[in-house]
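*Asks:* how would this look folded up:
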Amino acid sequence: MADPVVELEPVVAVVEPGGQTRVVVTVVNESSIVEGYRVEVLDDVGGHGRDVSGPASWSEVLPAEGTRSADGDGVDLTVYPGQQGVVVVVLSPPTGTRVPGGRCPFAVRVTSVVDPGASTVVEGDLEVGKVSALQAKLVPVTSTGRWSGRHTVELSNWGNTPARLRVVAEDPDRALGFLVDPDLVELPVGASAPVRLKVRTRNPQLRGTPARLPFTVRAEPADVVPGQQPPLLAPGVPAPETATVDGAFNQKPILTTGVVLGAGLALACVAGLAAYGLMQRGEAAPTFQELGVPDTPQVTVDAAGPASVRVSWVPIEQVEGYKLLQFDDQGAVSGETLLAPELGATVVDGLEPEQEYCFTVAAVRGEVQSPQSQPECATTEQEAVAPTTPEPTTDDPGETTAEDPSAETPTDPGEGGVTQEPTDAPTEGGETGTTAPLPAPVPPIDGPSETPTVEPPPFAPGEWAAVLGVFVVEGLAETQATELASALIAEEVEAVAVSTDDFPDLGVTRPGWLVLSEGYATSAEALSACQELNAELPDLVQFCNPPVQPISP
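*Replies:* Below you'll find the predicted structure:
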């Protein structure tokens with residue numbers, strides 16, 4: 001059976017929300033029998049996933065001829081062969097946000113009652129009028145402050161068309177400045193959005209009475225040129241797509257009577273406390289806080305051997321200590337050491353031969369420290385190569401080498417039968433004699449020696465000594481060092497007091513006295529021993545300085 005032929009008139013209809021429009025549907029029966037047809041209105045709103053309605057829910061089909069179907073789903077239209085029948089579709093969109101404005105597609109389906117598989121669908125468009133219903137609410141309506149106030153503008157779209165709005169604020173006297181965030185708002189149908197508004201006075205008042213400054217907030221279409229007045233329906237009435245709300249800022253004076261009195265009392269109290277503090281302090285020395293940030297030390301770095309470098313700096317007065325930072329070849333800090341304020345140099349050991357090492361020094365005073373010095377670098381020396389022992393020669397049986405302990409030392413009886421000791425003086429041929437070391441000179445028995453000797457500390461060459469105390473106060477250093485050494489000996493700690501004048505190569509730039517502990521094989525062992533004594537006897541060992549070598553190897 002042939003499908004029916006269906007026509008719509010008009011194809012595009014126009015209607016306003018709350019109004020009505022009619023579409024005429026003409027059905028032509030090209031079959032050879034009397035045919036009955038059912039007419040239905042369709043839409044695609046069900047796939048939108050939102051609370052809206054389409055033409056199928058607010059349309060009605062009225063027959064120009066024929067009767068309604070018994071089940072109420074449509075209209076049965078009876079058409080003779082070669083004839084046509086007409087029905088009218090009435091479209092009545094409701095008001096509110098359920099019907100979006102703009103073009104709304106719909107369709108009319110005509111189905112044969114005799115053969116349900118024979119049907120025809122024709123499509124049309126319905127132009128639904130756009131309704132703008134914007135609402136703006138200001139919270140709070142009035143703000144109060146000395147400099148600024150804060151508000152929130154709540155915008156709502158109760159129309160049937162999405163809105164893209166620009167939010168602007170202005171005051172008639174130009175006495176206020178405004179900050180709107182965000183200034184552009186997208187409002188779908190039935191949605192709301194908050195907008196933050198900060199109001200700031202352009203002319204703060206030091207004193208006087210509070211002033212009320214009114215302003216207006218306007219949400220207008222984003223396509224309107226800023227500063228241009230929106231179209232008016234009547235004088236003073238903006239277009240419906242614009243929402244306005246009024247507010248005010250109560251500007252208070254900066255200084256009130258209570259503030260002035262309070263500030264005067266506070267200044268008087270501060271002045272009294274300052275005077276009292278000056279009277280109590282008298283001529284006392286300034287504290288670390290009063291001295292402020294110390295100066296940056298001036299640093300030099302020199303190689304001290306294949307495994308150590310010597311870091312020296314110019315001492316700074318009235319500091320609590322120094323912070324030594326060591327850097328690796330990537331520029332990252334690889335070591336940090338706190339040093340006593342009396343030191344002006346230190347030796348860093350445990351390094352690799354022929355490697356460059358960089359250091360900076362910062363002076364510490366109280367809770368602050370000076371800027372770090374510029375990195376200074378030095379390359380450690382080449383590791384010494386052990387000399388090889390020459391093979392003894394047998395050309396002359398009368399000669400022996402100094403390395404052969406069994407060889408007899410040759411002597412030459414001098415004048416008067418006195419035996420002469422061998423010397424290193426060159427012979428007539430320019431060659432040196434034997435290389436045996438000379439014995440130490442023996443002071444004469446009768447009478448004191450003309451050159452006094454210095455008693456070295458009981459340390460073997462190459463050993464490291466833990467520094468348990470540093471004393472540099474003139475006139476008191478020796479007494480303080482001796483008392484500390486005696487107290488440590490009483491606690492069964494091997495300690496000795498030495499003068500830096502007798503051993504100047506210990507890293508202390510100013511004359512003074514050191515208290516040293518027993519010797520250790522490495523600098524790390526000496527420092528660890530000092531830290532253990534600091535934990536056991538904190539009243540005696542209060543600070544661990546870098547270890548030293550009283551006697552070089």
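
*Asks:* mind giving me the domain ranges of the protein?
*Replies:* As assigned by automatic domain parsing, the chain contains the domains 5-128, 134-226+240-251, 293-379, 464-548.

*Asks:* Residue 464: how many residues sit nearby?
*Replies:* 26 (other CB atoms under 10 Å). Any C-beta I mention is one placed from the backbone N, CA and C, and that applies to glycine too.

*Asks:* Where among the domains of the chain is average confidence lowest?
*Replies:* Among the domains of the chain, domain 5-128 carries the lowest mean pLDDT, a mean of 79.

*Asks:* end to end, how far does that domain reach?
*Replies:* 28 Å (CA to CA, to the nearest Å).

*Asks:* go on, stretch 479-498?
*Replies:* 11 Å.

*Asks:* For that stretch, which residues meet the burial criterion?
*Replies:* Of the residues in stretch 479-498, 480-481, 483-485, 488, 493, 495-498 count as buried by neighbour count, 16 or more other CB atoms under 10 Å.

*Asks:* Regarding the protein, what is its longest helix?
*Replies:* In the chain, taking DSSP state H as the definition, the longest helix is helix 257-281.

*Asks:* What are the boundaries of the strands in the stretch 1-150 of the chain?
*Replies:* For the stretch 1-150 of the chain, applying DSSP state E, counting those that start in this stretch gives strands covering 5-9, 12-15, 21-28, 35-42, 59-63, 67-68, 75-79, 84-91, 102-112, 119-128, 134-139, 142-145, 148-157.

*Asks:* would you list those strands in a markdown table and tack on mean neighbour count and distance to residue 348?
*Replies:* Output for the strands of the stretch 1-150 of the chain, formatted as a markdown table (neighbours: other CB atoms under 10 Å; distance: least, CB to CB, whole Å):
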| stretch | mean neighbour count | distance to residue 348 |
| --- | --- | --- |
| strand 5-9 | 16 | 98 |
| strand 12-15 | 16 | 92 |
| strand 21-28 | 18 | 96 |
| strand 35-42 | 21 | 90 |
| strand 59-63 | 16 | 94 |
| strand 67-68 | 12 | 106 |
| strand 75-79 | 20 | 104 |
| strand 84-91 | 19 | 94 |
| strand 102-112 | 18 | 81 |
| strand 119-128 | 17 | 86 |
| strand 134-139 | 17 | 67 |
| strand 142-145 | 14 | 61 |
| strand 148-157 | 19 | 58 |
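
*Asks:* can you redo those as a markdown table with distance to residue 466?
*Replies:* Putting those into a markdown table (distance: least, CB to CB, whole Å) gives the following:
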| stretch | distance to residue 466 |
| --- | --- |
| strand 5-9 | 107 |
| strand 12-15 | 101 |
| strand 21-28 | 105 |
| strand 35-42 | 99 |
| strand 59-63 | 102 |
| strand 67-68 | 113 |
| strand 75-79 | 112 |
| strand 84-91 | 103 |
| strand 102-112 | 91 |
| strand 119-128 | 95 |
| strand 134-139 | 73 |
| strand 142-145 | 66 |
| strand 148-157 | 64 |
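
*Asks:* who wins for proximity to residue 277 among those strands?
*Replies:* Distance to residue 277, taken as CB to CB, is lowest for strand 142-145 among those, at 37.4 Å.

*Asks:* chain center to the closest one: distance?
*Replies:* Put simply, strand 142-145 sits 36 Å off its chain's centre (CA atoms, centre = their mean, to the nearest Å).

*Asks:* and if you look at stretch 361-370?
*Replies:* Per CA atoms, centre = their mean, the centroid offset for stretch 361-370 relative to its chain is 24 Å.

*Asks:* got the buried residues for that stretch?
*Replies:* Neighbour count says stretch 361-370 has 361-365, 369-370 buried, by 16+ other CB under 10 Å.

*Asks:* burial count for the residue lying closest to residue 158 once chain neighbours are set aside?
*Replies:* Nearest residue to residue 158, sequence neighbours excluded (CB to CB, 6 or more residues apart in numbering): residue 133, at 4.0 Å. As a burial measure, residue 133 scores 18 neighbours (other CB under 10 Å).

*Asks:* wait, residue 133 sits on residue 161?
*Replies:* No - applying CB atoms under 8 Å as the test, residue 133 and residue 161 come out as separate, 9.3 Å apart.

*Asks:* mind listing what residue 316 touches?
*Replies:* 294-295, 297, 363, 370 (CB atoms under 8 Å, 6 or more residues apart in numbering).
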